[in-house]
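Asker: Need a 3D model of the sequence below.
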Amino acid sequence: MLLKTKKFLKTLSVKTYKRFISLAVYVKAIRRKISALKAMQAE
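Answerer: I've put the predicted structure just below:
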């Protein structure tokens with residue numbers, strides 16, 4: 001029982017970790033787009 005719970009928590013943490021990474025990448029891409037738009041407007 002304990003082993004199953006540990007395994008479940010491990011997969012859960014991996015899923016959360018992957019989601020967090022993809023979210024960070026998404027935010028970075030948006031920030032890059034915003035800064036690019038600001039640069040275009042400044043010209």
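
Asker: Which pLDDT does the model give Lys7?
Answerer: According to the model's per-residue confidence, Lys7 sits at a pLDDT of 91.

Asker: Secondary structure element for it, which one?
Answerer: helix 2-42 (DSSP states H and E).

Asker: Mind giving me the packing neighbours of that helix?
Answerer: Secondary-structure packing of helix 2-42 (3 or more Cβ pairs under 8 Å, 6 or more residues apart in numbering; DSSP states H and E): no helix or strand packs against it. (C-beta placed from N, C-alpha, C; glycine too.)

Asker: From Arg32, how far off is the spatially most central residue of the chain?
Answerer: Computing the C-alpha centroid of the chain and ranking residues by Cα atoms, centre = their mean puts Leu23 first, at 2.3 Å. Leu23 sits at a distance of 15 Å from Arg32 (criterion: Cβ to Cβ, to the nearest Å).
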